[in-house]
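Participant: need coordinates for the below:
(2 chains)
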Amino acid sequence: MTIRKQRSKWLVSALCFVLLFSLAACGGTKDETKETQPSTGESASTQEANTEPVTITYSTFRAEDEQIFKKLIDKFQKENPGITVKFDTNKDAGAYYQTLKANIASGQAPDVFDLHPNTNYTDFAKDGVIADLSDQPFVANYQDGPKALTTIDGKIYGFNHAVNLICVIYNKEIFKNHNVDVPKDWNDFVSIVNKLKAEGEGGIAYAGADVKAVWLFNAIANELMSPADYKAFAEGIDNGSIKTIRDNVKIYTALKTLSEYNKQGLLYTNSDGVKYPQSLSLFAQKKAPMVIIGTWTFGTKETDYPGIDVGIFPIPTLEGTQVGYAEPAQISVVNAKSKHIEAAKKWVNFLGSPENATFYVNNAKMTTTVKDVEANFSGADILAAQMEKEVHVFPIFATPNMESYQVDYEEMKTNILFKGADVDKEIAAFEQLLKKADLKNVK
Amino acid sequence: MQSSLRKKLSTYKYVLIMLPGLIVWFVLSIWPHLEVFPQAFYKWNGYSPNKVFVGWQNFETFYRSSAFKDGLLNTVLYVLFLFVIQTVLSVFLAVVLKRNTRQNRFFRTFFFLPLVFSSVMVGLTWGYMFDPNLGMLNQIFSALGIKSLESFNWLGEPVRAIFCIVMVHIWANIGYPLTILTAALQTIPEDLYEVSEIEGATSMQQFRKVTLPLLMPALLRITLLTVVTGALAVDYILILGSSVGSANEFDTWAVKIYQGLLGSNLGLPSAIGVFLGAILFIVFLIQYVVTKKVEDSIH
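Facilitator: Residues are numbered from 1 along each chain as shown, chains lettered A, B, ... in the order given. Just a heads-up that it's a prediction; the model follows:
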C-alpha cells in the first residue's frame, strides 16, 4: 500500500514537472520546428512553362495598406489573367515573424513577403531563403540609395518600397505666433525650444515609453556619420572587435547630444512615460509645438494631427541640423523555394514599376525609392525638399549576437537621455558588460 | 452501482481510459515543449538547416547578461506583488461576497467581467490611464488638488512600474481566484460558524479559526497558479512597456523569452525557459509538500 502510494506520488510529481516545464517554455514551440533540409530544387522554369493558372501569396505586416494593395492586386490580375494574388497580413509584427519563420522552416512560406529592413533580410539572403532579384526589370527603376541598401554581397534580394524620415515635425502656426523659425544650428535649436517653453508652450513630444532612446539615438548617430560607418560600428560591437565606444568620435558625440537633450530639458515632461499615440495627442492638442516621429504619419495626419499645418526639420545634433535621417520601409522579397517563382517575381516587378510605385506612395504617403515617380499627396513637397538635401538612410546589417548586449546598450542610452546619467560613466559600465559578454569568442 | 463499478476497475483500466487523451496531450503539447531542452544547446534561427551545437553557451550568455539578474529580480517582484495583493484581495472579497444574495451575485459578476476582455484591450486602456501628461489617473489627482501626482510618471521606475502592472493584472484576473474561493467557502458547513458563535467567537476569530484553515487547500492551489501565471506573465508587461521590442527596465524572464523568440537565436530563449522551469519546479515541490501537510492536518 505504502509502495503504491509512493509510486503514485512520484507519478504525480513527474507529471507536474513535465507540465511546469511546458508552461515555462510556453510560446516557445511555435518556432521549434524540425530541421529542414535544403530544397531538392523544384525547377522554377518547369513550373513557369506550365501555363495553367497559378495562385501566389503575398504577405505583409503593413495591414494599414490593405486597401492600397487590394487595388494593386486587382490591376495586376487584370494584366496577368493567369495569376491570382492572395493577400495576407498581420499587423502584429511579433506574430508576423513567428508565423513567417515557422512557415519558412516547414516549406510553406508565402511566395512574396515583406520584411522590416533589419529583421532577417541579411540572414535570409545569406541562408538562401530569398531569391536573387538582381536581374529583374524593377532594378532599372530603383534609385541608387535603396539599391545599395538592399544589396548584399553584390546581389539585390528585395524591393524596398519607400523610406520614411524620422525628424522633428513642427506646428507652423505655433512657430509663427512666437516668431521663431526652423533652427539653423544646435544653439539656435536650444534657444527656440527655451523661448517656446518660456512663452507657455511645452517641450518636444517624444514616445519615450515605446521607443526608449532608439529613434533619437539612431537619428542623431546616422546624421553624424555615413551609413557605412554606422554599419561598421554596429557590426563591430556585435562581433566584439569594438571595445571602446569613446574612440568613435561620432558615436560619442551622439551620446553627448542625448545628454544635452536631457540637460536642456528639450523633450516634453515625463517623455520616458509617453507612448506613441500620446506623443501624437500632445502634438494634436497643441500642448507640444513639435514631435519627434516618422513621416509615415503624413499618411494618417488627418486623424493623427488634424488641421495642423506642419513643417519638418532634421533632428538637431551638437554638430548641426542639416543632414536628414530616414529609415527604409518594408522590403518585398521572393521566396527562393516558391513553386511559382516567376509569377512571384512578376508581382515584385509590378510593385516596383514607376506607375504602380506612384500609386503606392501617393496613397501610403511615403517617400519613394523608384525613379520617375511623382508624389503629389499633401506634404509630398515638404518631404521632397528634405530629400533633395543630404539624407542618411539607416543601413541594413546583421547583428547575430545582439541578444547578449541589447538590454545594456539600450539602458546606457536611456539612462543618458531620460535620467541625465553621465555619458562617460554609462559608457564605462556598458563596456564592462561587453567585456563580460566576450562576443569575440561567441560561436 | 457506481461504487461497485469503480471497485471493478483496476488501476490499469483507469490508465486505459485516460490513454487516448494522454497521448493527444503528450504529442500536441508536452512533446513540442520538451524540445526546448535540446534546443537550449543549439544556436539556431528557427528556419535554417544549419543548427550549430554550442553546448552551454546559451546558458552562459544569459547568465552573464544583466537580463539574468535584473529579469530574475523583476520576476520575483512581479510574483510577490501578485501573490500577496491578489491573495489578500480575493480572500477579502470572497468572504464579503460569501452569502448568495442578489447583490453579491451582481458583484461577483462585476469582478469576473474583466476576465472576458482581451489582455491587449485591458493593457492599452490602462496605458492611456497611466500616461503622465494626458492620463486619466493624473487628471483625477489634479482635480482632487493633489499637486504631487498631477504629472506623476507611473511607469517611470522599475519597482513602481511592476506594482502598477501587477495591479492591472489583478484588476483583469481577480475573478478567477474569487470564483474558486467563493466555491470553497460554500463547502464550509454552516454548523461550524453556529457552534463558534455559541462559544462566543468574534467575526475575526471565526475567520482565523474556521474560515481560513478550511480555505487553505483551495488557497494553496491558487498560490501555485498565481506563482506560475505571475512568472509567465508577458502580455501586460509588453503592452504597458515598449511596443517596439526595446528592453524595459521592468522586463521579466518570461518577457525575455518572448523577445528572444523574435530574435535570431532560439537557443537563448530556450535556455531562459529551462532556467525558469527549474525555478518553478522547485516552487512546485515546496507547494506540494506544504499542501500535503495542510491537507493531512485537516483530515
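
Participant: hey, let's count contacts and neighbours off CA atoms from now on
Facilitator: Will do.

Participant: flag the shaky bits of chain B, pLDDT-wise.
Facilitator: The model of chain B has pLDDT under 70 over residues B:1-9, B:243-246, B:298-299.

Participant: let me know the pLDDT of A:Glu42.
Facilitator: Model confidence at A:Glu42, given as pLDDT, is 40.

Participant: the most centrally placed residue in chain B sits in which helix or strand?
Facilitator: Centroid-nearest residue in chain B, with Cα atoms, centre = their mean: B:Thr229, separated by 2.4 Å. Per DSSP states H and E: B:Thr229 is located in helix B:212-232.

Participant: wait, does that helix contact chain A?
Facilitator: Yes - judged by Cα under 8 Å from any Cα of the partner chain, helix B:212-232 and chain A are in contact via B:228, B:232.

Participant: what comes into contact with that helix?
Facilitator: Residues from elsewhere that reach helix B:212-232 (Cα atoms under 8 Å, 6 or more residues apart in numbering or on different chains): A:23-24, A:26, B:75-76, B:78-79, B:82-83, B:87, B:177, B:180-181, B:184-185, B:188, B:252-254, B:280, B:283-284, B:287, B:291, B:294-295, B:298.

Participant: tally of neighbours for residue 255?
Facilitator: I went with chain A, as the question did not name one. Counted by other Cα atoms under 10 Å in any protein chain shown, the residues lying close to A:Leu255 total 25.

Participant: meant chain B actually
Facilitator: The criterion is other Cα under 10 Å. On that basis, B:Val255 has 24 neighbouring residues.

Participant: surely it and B:Val234 touch.
Facilitator: Yes - in this structure, B:Val255 is within contact of B:Val234 by Cα atoms under 8 Å, at 5.3 Å.

Participant: for the residue nearest the centre of chain A, what are its contacts?
Facilitator: The geometric centre of chain A, computed from its C-alpha atoms, lies nearest to A:His116 (Cα atoms, centre = their mean), at 5.3 Å. Residues in contact with A:His116 (Cα under 8 Å, 6+ apart) are A:329-331.

Participant: that one and chain B, how far apart?
Facilitator: Relative to chain B, A:His116 is positioned 12 Å away (Cα to the nearest Cα, to the nearest Å).

Participant: for chain A, what is the nearest residue in the stretch 101-250 of chain B?
Facilitator: B:Ser242 (4.0 Å; Cα to the nearest Cα).

Participant: that residue: what's its closest spatial neighbour, skipping adjacent residues?
Facilitator: Excluding the flanking residues, the one nearest B:Ser242 by Cα to Cα, 6 or more residues apart in numbering or on different chains is A:Asp210, at 4.0 Å.

Participant: which of the helices or strands spans the one you found?
Facilitator: Going by DSSP H and E, A:Asp210 is part of helix A:208-211.

Participant: so after the helix holding B:Thr229, what's the next helix or strand?
Facilitator: Sequence-wise, the next helix or strand downstream of helix B:212-232 (DSSP H and E) is helix B:235-240.

Participant: and that following helix, what does it pack onto?
Facilitator: Applying 3 or more Cα pairs under 8 Å, 6 or more residues apart in numbering or on different chains; DSSP states H and E, one finds that helix B:235-240 contacts helix B:119-130, helix B:158-173.

Participant: okay, those in TSV with mean neighbour count and distance to chain A next?
Facilitator: Output for the helices and strands packed on helix B:235-240, formatted as TSV (neighbours: other Cα atoms under 10 Å in any protein chain shown; distance: least, Cα to the nearest Cα, whole Å):
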stretch	mean neighbour count	distance to chain A
helix B:119-130	18	8
helix B:158-173	20	10
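
Participant: so who does residue 134 touch?
Facilitator: No chain specified, so I'll use chain A. So A:Ser134 contacts A:155-157 (Cα under 8 Å, 6+ apart).

Participant: not quite, go with chain B.
Facilitator: Shown in contact with B:Leu134 (Cα under 8 Å, 6+ apart): A:278, A:282, B:128.

Participant: not counting sequence-adjacent ones, nearest residue to residue 128?
Facilitator: Since you didn't name a chain, this refers to chain A. Residue nearest to A:Gly128 in three dimensions, not counting chain neighbours: A:Ala336, with 6.8 Å by Cα to Cα, 6+ apart.

Participant: my question was about chain B, not that one.
Facilitator: Nearest to B:Tyr128 is B:Gly135, by Cα to Cα, 6+ apart, at 5.5 Å.

Participant: for the helix or strand A:Thr253 falls within, which positions count as buried?
Facilitator: Assigned by DSSP H and E, A:Thr253 belongs to helix A:249-263. For helix A:249-263, a neighbour-count test (16 or more other Cα atoms under 10 Å in any protein chain shown) marks A:250-262 as buried.

Participant: and of those, the nearest to chain B?
Facilitator: Of all the buried residues of helix A:249-263, chain B sits closest to A:Asn262, with 15.2 Å by Cα to the nearest Cα.

Participant: the closest one contacts A:Thr414, correct?
Facilitator: No - using Cα under 8 Å, A:Asn262 is not in contact with A:Thr414, being 10.4 Å away.
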